[in-house]
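1. build me a model:
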Amino acid sequence: MAKAFPAPVAVEMRIAMKEERADLGEWMIRIYDKINQNRLLKAIRESMIMIVPVILIGAAALVLRFFPLKAYQDFIHNFAGGNIDRFFEMVNNATFGIMSLYMVVSLSVSYLNKVVEREGNYLGAVFSSLLAFGTSSGLFGENPDVGGALGVKGLFTAMLCAVVASALYCMVQKYVHANVRFYTNGADEIYYNMIGRILPVLTVGIVVALFNMILQLAFGVGSFQELYTHAIDSAFAGMQRSNGSAVLYIFLVHFLWFFGIHGGNVLDTVGRNVFEPCLEINAEVLAAGGVPTEIFSKSFFDVFVLMGGCGSTLCLVAAILIFEKRRSMRRLAKFAALPSLFNMNELVLFGVPIACNPIMLIPFFLTPLACLFISTVAMKTGLVPVVSHTVEWTTPILLGGYYATGSVAGAVLQAVNLCVGVLIYKPFIHIMEQQDERDSKEKIKKLVEILRESEETRIPVKLLKLGGDAGTVAKLLSDDLELKLKKKDPDMFYQPQYDYENRCIGAEALLRWNHSIYGMIYPPLIIRLMEEIDVLTEAEEIILERVLKDMDQIKKYYGENIKISVNITGTTIQKDHYEKFLDHMKEKYPQHIKNIMLEMTEQASLQIDQEFIDRLTRIKKKGYHLAIDDFSMGNTSVKYLQSNVFDMIKLDGSLTKDIDRNERSRSIVKNLANLAREFNIDILAEYVETEQQKELLKEHGCLFYQGYLYSPAVPIDEFLNRAK
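-> Okay, here's the model as predicted:
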């Protein structure tokens, strides 16, 4: 029996291991931050994301065309003369068939956006990149491989041409734009702009053509595409099907994919020449009554190593669904689960993202290598039959393992590989969570700054329509906010209200949001997002009902006369639906209605007419109390007093903050207090933070207070404990 460590030693070891994992995570995050600051990598990643719709359409066409069900295949090939199959083929040719062209355009635009930080006319850079790609891809050489050049096999050439051509174009255009002046009568601005782009585009074309001519003379190849394809093929020249060639093949496939290049297609020749003959050999041995022994076939890699696509990303999808806390990532995983079952992983690669992400680099390489090792051992030891049947790469997990080996053991092996892959991806998901939390908190700070600037300048801003990171985090928060409202479980805080004798006479119920990942969210940001997604009225109804549910506890500690203020916006209180909701609450909680103070906000947006006064009168007759928030000497506020329906006014916070140093503020408070007494209305001051403010307010007739002098807004448990 192994000797156990003493308990204190074991605890210390666990703590040390946690610290090591934390150090590893921090190290990876630092590397991630540095790489993330690289503008070129940002441009590459953005360009990949830009073409995701095209990738998904093409992938869907592939799945529908090659769905591994014989009856289905017979149907699409025979029905309507095979036009269904031809339709899917056309969609595939229009997407994957010219994927390199999509990449040239998207990356040249992204390069100008992220690297050069230029906005406006991108056509010059796009034309230059297309010109460079047409020259370097071998499209116009002898016996050109048009399909390979334009399709996914040409992605690396497309990316290189887009970056180099865009950089050279911008460099030349900067000089040309500064020195060329060419104007004629009758020509418009577009004409002038394009004339200025002739020389930069021409320069790119000449430089790229010369470069390819040099390659032809030096290496005997017709283009750069041909050169690097031969270089990759030569790495496997003379190699047999062995552990070494299998590991090298898997490594290169993932190395290319990590940079957004379809490694499987780039290495397609290697797969056909080195590994594909394996199945024919196995089939011959099986037909002769022998036992197949050739393990490393193309179907072997597709079925047991690349489950869900490169990186065994089906394991990542499962790990996200099991362990991930971020709702946005879980939703991505749910959306990507079905394509991943058919080994289409573009949503995961670019949505997580994995491409150009150093944190995910380790599991992206390690998982398929682990699956390769486990599967090889299982077949060499005879636990699982070797692959002897060709299986379409779109065949889902478990079915693929069974079809490939003709045995249930193949399906079991896939399940084992899936579990191992999930465990490998798990710790890196947590590291990504930490990084995302840091990034998102910074983005939320920027979003709050934008909102505060809007409030100060009174220039309206639509947060959900913002571009960049601010708009993205606004959308993420609004989605989480909608989900929270659906659960009808708001985070309610209560800020106590006191009289001059320091007796608690009430509290204001305030909505707070302690986000599970991003912490406490700035309250005005919550309100603004609810306005923009049009759920503010729904939220105010949920808040009021929650307060009524809490009222039994509150009255138990503070007595029957306690008043709880609930904020209601001017938009909500004017709705017939809300008035009916108040009737429903009265029926449901009749004993608590007298304890509710509906505190109206946004009074400046209200139209004070007889219809509105009649509505307030009806609400007051139901038993609710009414208060006016942010009351000052404005014309609208005075009209409120004339209505004779309000029980309390709350002073504008600026008056309280300024009362100890501004004579006019003190005069306004005194006059308002006199008006309140005359109309038999209580007056309460918010933002009371010092004894001096309290004494001055009392001296000028204000006897009720709310603010940090007494307490900030606190959760209900803490609010109740204050009464003990």
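
2. going forward, measure contacts between C-alpha atoms and count neighbours the same way
-> Fine.

3. any idea where the helices of the stretch 601-724 of the chain begin and end?
-> Here the stretch 601-724 of the chain has its helices, by DSSP state H, counting those that start in this stretch, at 610-621, 635-643, 653-658, 663-678, 691-699, 716-721.

4. from the rest of the structure, what touches the first one?
-> If I follow you right, that is helix 610-621. 574, 579, 582, 626, 643, 645 (C-alpha atoms under 8 Å, 6 or more residues apart in numbering).

5. confidence score at the second one?
-> This means Glu579. Predicted confidence (pLDDT) for Glu579: 94.

6. now the helix or strand harbouring it, how far from the chain's geometric center?
-> Glu579 is part of helix 576-588 when elements are defined by DSSP states H and E. Taking C-alpha atoms, centre = their mean, to the nearest Å, one finds the center of helix 576-588 at 38 Å from the center of the full chain.

7. who are the packing partners of it?
-> Where contact means 3 or more C-alpha pairs under 8 Å, 6 or more residues apart in numbering; DSSP states H and E, helix 576-588 is packed against helix 536-558.

8. list the helices and strands the helix it packs on packs on?
-> strand 504-512, helix 523-532, strand 563-569, helix 576-588, helix 716-721.

9. what are the buried residues along the longest one?
-> What that stands for is helix 576-588. Going by neighbour count (16 or more other C-alpha atoms under 10 Å), the buried part of helix 576-588 is 578-579, 582, 585-586.

10. circling back: what angle sits between the helix holding Glu579 and helix 610-621?
-> 10 degrees (axes from the mean of the first three to the mean of the last three C-alpha atoms, to 10 degrees).

11. just to revisit the earlier point, between which two of the contacts of helix 610-621 is the distance greatest?
-> Based on C-alpha to C-alpha, the longest span within these runs between Leu582 and Ser643 and measures 20.6 Å.

12. what does stretch 374-388 contact?
-> Contacts for stretch 374-388 (C-alpha under 8 Å, 6+ apart): 279, 282-283, 286, 292-295, 297, 299-300, 304-305, 404-407, 409-410, 413, 417.

13. over to stretch 526-536?
-> 462-464, 474, 478, 481-482, 513, 539, 572.

14. if we go to 10 Å?
-> For stretch 526-536, the surrounding residues in contact (C-alpha atoms under 10 Å, 6 or more residues apart in numbering) are 451, 461-465, 474-475, 477-479, 481-482, 485, 511-513, 524-525, 537-539, 542, 568-569, 571-572.

15. pretty sure Asn561 sits in a strand.
-> No. Remark: Asn561 does not belong to a strand; assigned using DSSP: H, G, I helix; E, B strand; the rest coil, it is coil.

16. confidence score at the residue lying closest to it once chain neighbours are set aside?
-> Leaving aside its sequence neighbours, Asn561 sits nearest to Asn595 (C-alpha to C-alpha, 6 or more residues apart in numbering; 6.8 Å). Looking at Asn595, its pLDDT reads 95.

17. Asn595: neighbour count?
-> 20 (other C-alpha atoms under 10 Å).

18. isn't Glu89 right up against Ala60?
-> No. Checked against C-alpha atoms under 10 Å, the pair Glu89 and Ala60 is beyond contact range at 11.1 Å.

19. could you pull out the strands in the stretch 401-550 of the chain for me?
-> For the stretch 401-550 of the chain, the strands defined by DSSP state E, counting those that start in this stretch occupy 491-499, 504-512, 514-515, 519-520.

20. can you put the ones you listed in TSV and add mean pLDDT?
-> Shown next, in TSV, are those (pLDDT from 0 to 100):
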stretch	mean pLDDT
strand 491-499	95
strand 504-512	94
strand 514-515	86
strand 519-520	84
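
21. can I get the ones you listed in JSON lines with mean neighbour count?
-> Formatted as JSON lines, those follow (neighbours: other C-alpha atoms under 10 Å):
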{"stretch": "strand 491-499", "mean neighbour count": "21"}
{"stretch": "strand 504-512", "mean neighbour count": "21"}
{"stretch": "strand 514-515", "mean neighbour count": "13"}
{"stretch": "strand 519-520", "mean neighbour count": "11"}
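
22. which one of these lies nearest to Tyr705?
-> Here strand 491-499 is closest among these (C-alpha to C-alpha), at 5.3 Å.

23. using CSV, write out the CA atom coordinates for the closest one.
-> Provided in CSV are the C-alpha atoms of strand 491-499 (Å, rounded to 0.1, in the frame of the first residue of the first chain):
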residue,chain,number,x,y,z
ASP,A,491,-31.3,41.7,-6.6
MET,A,492,-33.0,44.2,-4.3
PHE,A,493,-31.1,46.5,-1.9
TYR,A,494,-32.7,48.8,0.6
GLN,A,495,-31.4,52.2,1.7
PRO,A,496,-32.9,53.2,5.1
GLN,A,497,-34.6,56.6,5.6
TYR,A,498,-34.5,58.4,9.0
ASP,A,499,-36.2,61.3,10.8
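
24. quickly find the element holding the closest residue to Cys310 other than its chain neighbours.
-> Of all residues not flanking Cys310 in the chain, His254 sits nearest, at 6.5 Å (C-alpha to C-alpha, 6+ apart). Using DSSP H and E, His254 sits within helix 243-258.

25. so for that helix, what gets flagged as buried?
-> Quick answer for helix 243-258 (16+ other C-alpha under 10 Å): 245-246, 249-258.

26. which of the helices of the stretch 601-724 of the chain comes out lowest on mean pLDDT?
-> helix 635-643 (a mean of 62).

27. where does the prediction get shaky in the stretch 201-350 of the chain?
-> 237-239, 260-262, 265-266 (pLDDT under 70).

28. please redo it, this time with the cut-off set to 80
-> Where the stretch 201-350 of the chain drops to pLDDT under 80, the residues are 228-241, 256-273, 276, 326-328, 344, 346-347, 349-350.

29. and the helices in it?
-> 224-235, 243-258, 263-266, 268-270, 277-287, 298-300, 313-323, 327-341, 346-351.

30. deepest-packed of the ones you listed, please.
-> helix 298-300 (a mean of 25; mean count of other C-alpha atoms under 10 Å).

31. now do it: distance to the chain's middle.
-> Using C-alpha atoms, centre = their mean, the offset of helix 298-300 from its chain centre is 34 Å.

32. over to stretch 317-330?
-> Centre to centre, stretch against its chain (C-alpha atoms, centre = their mean), the figure for stretch 317-330 is 12 Å.

33. for Ile554, give me its contacts.
-> Applying C-alpha under 10 Å, 6+ apart, the residues near Ile554 are 506, 547-548, 560, 562-564, 716-717, 719-720, 723.

34. check Glu686 too.
-> 497, 629-630, 650-657, 704-708.

35. filter the residues you listed down to just the buried residues.
-> With burial judged by 16+ other C-alpha under 10 Å, the buried subset of the contacts of Glu686 is 497, 629-630, 650-653, 655-657, 704-707.
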